[in-house]
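In: sequence plus predicted model, see below.
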Amino acid sequence: MYDTIIVGGGSAGSVLAHRLSARSASQILLCEAGQDTPPGNEPPEIADSYSGTAYFDPRFHWTELKVTTQVISHNNPTEARPPLRKYEQARVLGGGSSINGQLANRGAPTDYDEWEARGAVGWSWNDVLPYFRKVERDLDFDGPYHGKDGRIPVRRIPREHWTGHAQAVAQAFELAGFSFLPDQNGEFTDGYFPITHSNAEERRVSAAMGYLDRETRKRPNLTISTHTQVKELLFEGTRCIGIRCEVDGREQEFRGREIVLSCGAIHSPAHLLRAGIGPVGHLKDLGIEVRMGLAGVGQRLMDHPSIALSSFVRRGARMNAHTRRHLQVGLRYSSGIEGAPKGDMFVAALTKSAWHAVGEQIGSLLAFVNKTYSETGQVKLASRDSRAEPVVEFNLLSDKRDLDRLMSGFRKMAAMQMSAPIAAVTDKPFPAAYSDRVRKIGVVNTKNKVLTSIAAALMDGPAALRHYVIDNFVVEGFTFDQVMNDDEALEAFVRKATIGVWHASCSCRMGRDDDPLAVVDTQGRVKGVQGLRVVDASVFPVVPCANTNFPTLMTAEKIADVMLAQGASSAP
């Protein structure tokens, strides 16, 4: 009998396992479907400061997961469904923090005040800031916004070490009137800055590395079970009492006083739905007995809609010997649309777009809607079978304000791209799409290494040859001139090419008892059910203006504190 069973060894699960096992009287089990990342023996792709190899390595993914990102009209059943896209969700200890871009930002104070306004009482900016500070060990800054003792180091690449491409982008931002902010996580104002990342000494520090270190793993009351895929939550009535899972292919059951789902915003709601917790109509359609009717399970899924403008980067401006970090400079700006908070848009400059030889020649300006209003995404079950991935519809541009801001954001990036500093170090800009072709060439293998080496040699040749290769083998569907001279073409490109930035969230939202779409209370406890919590990005009331990893770590720290306090009060 365990005191707590944590399902999912990602960012939230790693935090919970570390914090809850600090009380020696508690027996903690952490289950992770993917492989371990043992201290000192982490896979080199994961430890790498450059994230592009880990992100495209199928060993670390749920490889069958596919989603739709374009808007689906359920009012018009005869309309063809948008194409399915792969959506890389981590299947490895540390979860997304083991393969992500290592961006360590928190969002805006207004985000968390909105959380509280939406019913997450006790989650305002002043409530969450101490937990952001608890997460981090800032290697550059001190003061009221920063932590110095946390388990995740954060730092920035000094400006003198930026690539020529990043330096040129910064100059373009300056020419456009933006101020330099030395600290992205200080005061939340518009401007450009060195991107903050969870990395020390040119090495990733995932949640598993930071929270499940050697000393933590020595605790006799903590069991970490990897290659463990949970198939079913076990119940007595409305009390969750354990899990049924496959451990290295062998079926086992574990019992616990409390079960915590930390599987992310796609798989946590899927577990609830298979357990009969969710929208009554959907459960009945699948022949699943309703244990607890909760209309919000899997609903209002969110991500940040994004679009990219890429270009060929000339030799002297590419990656240098100072760092393998390809994300060095970012910009936060305000669109000015009515009702949106300051800093509702974000641009990141990537000097390198992939691990291979062509990727080293292609730089990008990636814009995403920091404050998105599209909240109609959903997660549903395709079948009752636990091995079947759920149906995931993001509906990324369901709110026209997001479409409009991405179109204006693309024009803004184009103006930057054509400014003198960037034009001097790049050539042949083109609208970029993260298509299946791009994804396939991004898989790490010998064939792709050879093909991209040949293409890269041609692209470093005469300009006419380079333009021919880009036009015929890189660009898909739309040219730069098309989208710049035709608003209809720009809208068509944005609608087709917009993807999320792997910030799936909000599908099991926190809220008030009287909110019919709230799934959990402010402590992550599933409404109407005993012994079951959800602690991950799915409980966010709305996605913050940030990459979601640090908000997830903060959320786990905050709920772990509550769980420890409750455990202490109930101890004999």
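Out: In hand now; what should we look at? Numbering: from 1, shown residues only.
In: from now on I want contacts and neighbour counts done on CA atoms only, so please keep to that.
Out: Will do.
In: partner strands of the longest strand along the chain and their direction?
Out: The strand that spans the most residues within the chain, counting by DSSP state E, is strand 250-261. Strand partners for strand 250-261, identified by DSSP bridges, are recorded as strand 2-7 (parallel), strand 239-247 (antiparallel), strand 532-534 (parallel).
In: what lies in contact with that strand?
Out: 1-8, 240-246, 268, 531-536 (CA atoms under 8 Å, 6 or more residues apart in numbering).
In: also stretch 339-350?
Out: In contact with stretch 339-350 (CA under 8 Å, 6+ apart) are residues 110, 166, 169, 188-190, 326-336, 363-372, 409, 545.
In: quick one: find the helix or strand in the protein with the lowest mean pLDDT.
Out: helix 436-442 (a mean of 78; mean pLDDT, DSSP states H and E).
In: what is it packed up against?
Out: Helices and strands in packing contact with helix 436-442 are not found; criterion 3 or more CA pairs under 8 Å, 6 or more residues apart in numbering; DSSP states H and E.
In: ok, now which ones touch the most centrally placed residue in the chain?
Out: Most central residue of the chain, judged by C-alpha distance to the mean C-alpha position with CA atoms, centre = their mean, is residue 503 at 3.3 Å. The contact partners of residue 503, taken as CA under 8 Å, 6+ apart, are 302, 303, 304, 547, 548.
In: the last one and residue 224, how far apart?
Out: Pointing back at residue 548 there. Applying CA to CA, to the nearest Å, one obtains 24 Å for the distance of residue 548 from residue 224.
In: looking at the two, which is more packed in?
Out: Neighbours were counted for residue 548 and for residue 224 using other CA atoms under 10 Å; residue 548 has more, 27 against 18.
In: the more buried one reaches residue 537, doesn't it?
Out: Yes. Counting by CA atoms under 8 Å, residue 548 does reach residue 537; the two are 7.2 Å apart.
In: where along the stretch 1-150 of the chain do the strands fall?
Out: Shown for the stretch 1-150 of the chain, the strands assigned by DSSP state E, counting those that start in this stretch span residues 2-7, 28-31, 66-67, 85-86, 136-138.
In: beta partners of residue 329?
Out: Applying DSSP bridges to residue 329, the residues it is bridged with are residue 194, residue 349.
In: next up, phi/psi of residue 79, please.
Out: The phi and psi values for residue 79, taken as degrees, to the nearest 10, are phi -70, psi 140.
In: chain neighbours aside, what residue packs nearest to it?
Out: The shortest distance from residue 79 to any non-neighbouring residue, by CA to CA, 6 or more residues apart in numbering, is to residue 73 (7.5 Å).
In: same deal with residue 546?
Out: Of all residues apart from its sequence neighbours, residue 107 sits closest to residue 546 (CA to CA, 6+ apart), at 4.4 Å.
In: cool, residue 391 as well?
Out: Excluding the flanking residues, the one nearest residue 391 by CA to CA, 6+ apart is residue 380, at 5.1 Å.
In: residues contacting that neighbour?
Out: With contacts defined as CA under 8 Å, 6+ apart, the neighbours of residue 380 are 270, 273, 282, 298, 390, 391, 392.
In: before we move on, the earlier item: what's the average pLDDT for the longest strand of the chain?
Out: Strand 250-261 carries an average pLDDT of 97.
In: just the buried positions in it, please.
Out: For strand 250-261, the buried set under the neighbour-count rule, 16 or more other CA atoms under 10 Å, comprises 255, 256, 257, 258, 259, 260, 261.
In: as JSON lines, these with distance to residue 153 would be great.
Out: What follows is the buried residues of strand 250-261, written out as JSON lines (distance: CA to CA, whole Å):
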{"residue": "255", "distance to residue 153": "35"}
{"residue": "256", "distance to residue 153": "33"}
{"residue": "257", "distance to residue 153": "33"}
{"residue": "258", "distance to residue 153": "31"}
{"residue": "259", "distance to residue 153": "29"}
{"residue": "260", "distance to residue 153": "26"}
{"residue": "261", "distance to residue 153": "26"}
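In: wait, which of those residues is closest to residue 102?
Out: Proximity to residue 102 was ranked across those by CA to CA; first place goes to residue 261, at 23.2 Å.
In: distance of the closest one relative to residue 95?
Out: Spatial separation of residue 261 from residue 95 under the definition CA to CA is 13 Å.
In: re earlier: in the contacts of residue 503, find the pair that's most separated.
Out: Spatially, the most separated pair among the contacts of residue 503 is 302 and 547, at 12.4 Å (CA to CA).
In: with neighbour numbers in mind, choose between those two.
Out: The neighbour comparison of residue 302 against residue 547 (other CA under 10 Å) goes to residue 302, with 29 against 23.
In: count of residues packed around the closest residue to the more buried one other than its chain neighbours?
Out: Nearest in space to residue 302, with sequence neighbours left out and distances taken as CA to CA, 6+ apart, is residue 505 at 5.3 Å. Residues within reach of residue 505, counting by other CA under 10 Å, total 28.
In: low-confidence ranges in the stretch 451-572 of the chain?
Out: Residue ranges of the stretch 451-572 of the chain with pLDDT under 70: 568-572.
In: go on, the chain?
Out: Low-confidence segments of the chain, defined by pLDDT under 70, are located at 74, 77, 568-572.
In: mind running it again at 50?
Out: Low-confidence segments of the chain, defined by pLDDT under 50: 572.
In: tell me the secondary structure of residue 514, please.
Out: Judged by DSSP: H, G, I helix; E, B strand; the rest coil, the three-state class of residue 514 is coil.
In: from residue 284, how far off is it?
Out: Taking CA to CA as the measure, residue 514 and residue 284 are separated by 24 Å.
In: hmm, back to that, how far is the longest strand of the chain from where the chain is centred?
Out: 27 Å (CA atoms, centre = their mean, to the nearest Å).
In: which element is residue 183 on?
Out: Element membership for residue 183 (DSSP states H and E) is empty, with no helix or strand holding it.
In: ok, the spatially closest residue to residue 90 that is not a sequence neighbour - contacts?
Out: Nearest residue to residue 90 in three dimensions, chain neighbours excluded: residue 61, at 4.7 Å (CA to CA, 6+ apart). Going by CA under 8 Å, 6+ apart, residue 61 touches 88, 89, 90, 91, 92.
In: 7 Å instead?
Out: Taking CA atoms under 7 Å, 6 or more residues apart in numbering, we find residue 61 in contact with 88, 89, 90, 91.
In: any idea how far it lies from residue 450?
Out: In terms of CA to CA, residue 61 sits 24 Å off from residue 450.
In: I'd assumed residue 481 was in a helix, is it?
Out: Yes. Assignment of residue 481 by three-state DSSP places it within a helix.
In: the longest helix anywhere in the chain to strand 2-7, inter-axis angle?
Out: Using DSSP state H to define each element, the chain has its longest helix at helix 549-570. Helix 549-570 and strand 2-7 meet at an angle of 160 degrees, taking axes from the mean of the first three to the mean of the last three CA atoms, to 10 degrees as the criterion.
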